[in-house]
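Novice: please find the sequence and the predicted model below.
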Amino acid sequence: MRAVRRLAAADEGAAALGLRPGQKATDAMALVPELTAEEAEPEADAAALTALADWCVRFSPAVAIDAPDGLFLDVEGVSHLWDGEAAMLRDFQARLTANGLPFRCAIADTPGAAWALTHFGKDRTLAPPGGQGELIAPLPPQALRLEPDTAAQIERLGLRRVSQLMSIARGPFARRFGRVALTRLDQALGRETEALSFRRPPNPWFARLAFAEPISTPEDMARVTADVAAKLCARLELEGRGGRRFEICFHRLDGKAMPLAIGLALPGHDARRIAKLFAPRLETIDPGFGIEVVTLTAEGVEPISARQARLDTAREATVEEGLAPLVDRLTNRLGEDRIWRAAPVESHVPELAVGRARPLARPADARPWDRAAPRPTRLFRRPEPVEAVMALTPDDPPTQFRWRGQVHRVRRAEGPERIGEEWWKGVIEDVSVGHVRDYYRVEDAEGGRFWLFRAGLYGNPSTPPQWWMHGVFG
Amino acid sequence: MSDFRASLRAKIAAIEAHARADCGVLPFGDARIDDCLPGGGLPLGRWHEICGVGMEVETAAAPAAFTALMAAPLARPGPMGGEVVWVLRRDDLWAPGLMGLGFPPERLIQVCARDEAEALSIMEDALATVGVAAVVGEVEAADLTAGRRLQLACEKRGATGFLIRRRPFGGNARREATGSAAATRWRIASAPSEPPAGEFGLGSPRFSVELERCRGGRTGAWLFEASQAYEGNAYDPEVEDGTHPLRLVAELADRQLAPALPFRRAG
């Protein structure tokens, strides 16, 4: 059996010739013999839509993808930047059209209504607050984003308008067309909320600067970084809040968005400090033909206690003055995983007993390490093999061993300290006596102190004992 | 009279060392070593170089343990207390071990640098930061310029630097820098422990310590013991009696230690 080739999409010219998506390719060829068809590339389309969603962040931080060919933008609270929704919609569509993307747009209270209006209503419809019901009433039932089966059934029953569906009582409607159809209707009318999966969560801590002339010099970029930081930080300071993470995004003329992010160890709203943290990395931004818009978002926003700068000079340093900026500088320079404070983890397995906490985080509640148990100063991430181990009896500590090509004669030893596997954490089939470790603390003739262990047991051919060096005490 | 003499001696030592005199010193609490050091203790607001012996040039466990013990009073709450930043090249420093020795791990921030120059610049940055009492860095070598920069950073806030000389695993020995801006240079080796009579196992960790260079002071060699290590009550902020975690066991005759390893000279 051969698969049927169908049209996936048709542009305006093709539609004028009577071609429509879903048509068989052979039928289309019969209609238009000189038809040029390209293979559909759904993955590339999806990638392009994602890129477009990123581009749309310049209009609103909350963008959701409506596959395969739509986008939802939450414009609540951002339209004033364009002097109203109409102007914003015009600007939005003009920019899309200029890039060769003929989108239909509408603004409504609910995503459902906006979808209905863009797909079946007049282009660039602005539904007044609460007025979406009247606007979608004359549209066909497909405008409610129904399943094909449901839509076909509604069609069969002779219902041609959304208004006819709206007049049916809810009970019979749900019984006849299913709950999903009722939910769709409620969502369009705003009787039920709809959760959109935004590309990034809507963030009220958002500042934006647009330029009449595109900028590209490093000095300008540093200046606008400071300006946009000052703009956002003024708002943060007014509300007594600070952000932990700031992301600046440079929107280029060619539609590419260049993001940069920094993190703070303690939430803050010091514009100068934030701009300073961005400064060394601005050179990684390629301005291309110029940057027209810059946006800054703050994440992890939380209240911070307002501090008054003290007048006396002889005082104890506070964390905010010294340590936090240092941690920020190092974190942004090296990466978050390269600066840490060791935190206890409740585990007997040595390499699992130390976790990495953020340097200025509150100490965890885990039980601290046992002070009385001798533990090495240096612990090797991977235990190193120890050779030529000699012991008087199998369970005795070694009397001599070779490690890194040097023979050590053991003068004193302590042990064994048996550390078992955390069998309750893993897969029970993988648990083996071969994973039991007997640790010995030994001192050689020169005074070097080592932490050795023997994995496996004598007399068990499946798990021959093997000696390892796990750490050095010094 | 002796007060006057001590203050005069401190002033002379400061003039000799070309450093600020108001950073204070950290005494070991034993005259046998404190008399060798300018001002009667480990000079604060300066940086100190700590080297290992033999295999320890690569593992640097004994130098790290000794440095943690020396810096422990700086990490405890108090007038000179603050955070300790430890700059590493390999992240094999293990906090439970430091805690067992008596160093409070909750005051330790560890940073892993990607290369030597970065480690030195992080040290410099941390030394000049408010709230940091001491910075320990593990680097292969600091040349004269880097050393002077470290010294300037130390003087900014009076923080104390400890530079552990550590060769990367498998690397060739670099030529030792001829001069150094360090206030002191120590060579640390583990020494056999002496458990109390009749007890099995290991005693408290011991270190044979050689003070190879000391600006404004005298050199010497001693045997130290971390007598409070692994006792379970090594450090308790409630009962802070101010004793140094290192106990001087014996003074070693000069150069009694194993001679410093002959360093292969490159080139």
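Specialist: Received, thanks.
Novice: same for the regular element (helix or strand) spanning residue A:172, what does it pack against?
Specialist: Using DSSP states H and E, the element containing residue A:172 is helix A:170-177. If contacts are counted by 3 or more Cβ pairs under 8 Å, 6 or more residues apart in numbering or on different chains; DSSP states H and E, helix A:170-177 sits against helix A:148-156, helix A:179-189. (C-beta placed from N, C-alpha, C; glycine too.)
Novice: mean confidence score for stretch B:44-61?
Specialist: For stretch B:44-61, mean pLDDT rounds to 90.
Novice: hmm, back to that, out of the helices and strands packed on helix A:170-177, which is closest to chain B?
Specialist: helix A:179-189 (50.7 Å; Cβ to the nearest Cβ).
Novice: buried residues in the closest one?
Specialist: Using 16 or more other Cβ atoms under 10 Å in any protein chain shown as the test for burial, helix A:179-189 gives A:181-189.
Novice: run the angle between it and helix A:170-177 for me.
Specialist: Interaxial angle of helix A:179-189 relative to helix A:170-177 (axes from the mean of the first three to the mean of the last three Cα atoms, to 10 degrees): 130 degrees.
Novice: alpha carbons of helix A:179-189, as PDB, please.
Specialist: The C-alpha coordinates for helix A:179-189 follow below in PDB (Å, rounded to 0.1, in the frame of the first residue of the first chain):
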ATOM      1  CA  ARG A 179     -17.000  17.600  28.000                       C
ATOM      2  CA  VAL A 180     -14.000  18.800  25.900                       C
ATOM      3  CA  ALA A 181     -16.300  20.800  23.600                       C
ATOM      4  CA  LEU A 182     -18.000  22.400  26.600                       C
ATOM      5  CA  THR A 183     -14.700  23.300  28.100                       C
ATOM      6  CA  ARG A 184     -13.600  24.900  24.800                       C
ATOM      7  CA  LEU A 185     -16.700  27.000  24.700                       C
ATOM      8  CA  ASP A 186     -16.200  28.000  28.300                       C
ATOM      9  CA  GLN A 187     -12.600  28.900  27.700                       C
ATOM     10  CA  ALA A 188     -13.500  31.000  24.700                       C
ATOM     11  CA  LEU A 189     -16.100  32.900  26.700                       C
END
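Novice: three-state assignment of the closest residue to chain B within the stretch 151-300 of chain A?
Specialist: For the stretch 151-300 of chain A and chain B, the shortest gap (Cβ to the nearest Cβ) falls at residue A:265, measuring 10.4 Å. Counting by DSSP: H, G, I helix; E, B strand; the rest coil, the backbone at residue A:265 sits in strand.
Novice: backbone dihedrals for the closest residue to it other than its chain neighbours, please?
Specialist: Leaving aside its sequence neighbours, residue A:265 sits nearest to residue A:327 (Cβ to Cβ, 6 or more residues apart in numbering or on different chains; 3.9 Å). Here is the backbone geometry of residue A:327 (degrees, to the nearest 10): phi -60, psi -40.
Novice: got a list of what residue A:327 touches?
Specialist: Going by Cβ atoms under 8 Å, 6 or more residues apart in numbering or on different chains, residue A:327 touches A:265, A:339, A:359-360, B:109.
Novice: if we go to 10 Å?
Specialist: Residue A:327 makes contact with A:263-266, A:319, A:339, A:341, A:358-360, B:83, B:85, B:109, B:111, B:126, B:129, according to Cβ atoms under 10 Å, 6 or more residues apart in numbering or on different chains.
Novice: contacting residues for the most centrally placed residue in chain B?
Specialist: Nearest to the geometric centre of chain B sits residue B:67, at 3.9 Å (Cα atoms, centre = their mean). Residues near residue B:67 by Cβ under 10 Å, 6+ apart: A:377, A:474, B:48, B:50, B:60, B:84, B:86, B:98, B:103, B:134, B:136, B:138, B:162-164, B:186, B:188.
Novice: let's see which of these end up in strands.
Specialist: B:48, B:50, B:84, B:86, B:134, B:136, B:138, B:162-164, B:186, B:188 (DSSP state E).
Novice: in CSV, list those along with distance to chain A and neighbour count.
Specialist: Below are the ones in strands among the contacts of residue B:67 laid out as CSV (distance: Cβ to the nearest Cβ, whole Å; neighbours: other Cβ atoms under 10 Å in any protein chain shown):
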residue, distance to chain A, neighbour count
B:48, 17, 25
B:50, 11, 25
B:84, 11, 28
B:86, 10, 27
B:134, 13, 31
B:136, 12, 27
B:138, 11, 26
B:162, 14, 27
B:163, 17, 29
B:164, 11, 23
B:186, 13, 24
B:188, 8, 26
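Novice: and those residues, which is closest to residue B:4?
Specialist: residue B:48 (28.5 Å; Cβ to Cβ).
Novice: quick one: is stretch A:385-394 near chain B?
Specialist: No - using Cβ under 10 Å from any Cβ of the partner chain, stretch A:385-394 never reaches chain B; the gap is at least 13.9 Å.
Novice: who's in contact with that stretch?
Specialist: Contacts for stretch A:385-394 (Cβ under 10 Å, 6+ apart): A:396-405, A:407-410, A:413, A:440, A:450, A:452-454, A:457-459, A:465-470.
Novice: only whichever of these are buried, select them in ChimeraX.
Specialist: Selection of buried members from those for ChimeraX, criterion 16+ other Cβ under 10 Å:
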select /A:397,398,401,403,408,410,413,440,450,452,453,454,457,465,467,468,469,470
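Novice: contacting chain B as well, which ones from the contacts of stretch A:385-394?
Specialist: A:397, A:403-405, A:408, A:413, A:450, A:470.
Novice: and which of those residues is nearest to residue A:25?
Specialist: Out of those, the member with the shortest distance to residue A:25 (by Cβ to Cβ) is residue A:470, at 67.2 Å.
Novice: for whichever strand or helix holds that closest one, packing partners?
Specialist: According to DSSP H and E, residue A:470 maps onto strand A:466-472. Contact here means 3 or more Cβ pairs under 10 Å, 6 or more residues apart in numbering or on different chains; DSSP states H and E; on that basis strand A:466-472 packs against strand A:378-385, strand A:387-391, strand A:398-403, strand A:437-444, strand A:449-455, helix B:56-59, helix B:61-75, helix B:95-101.
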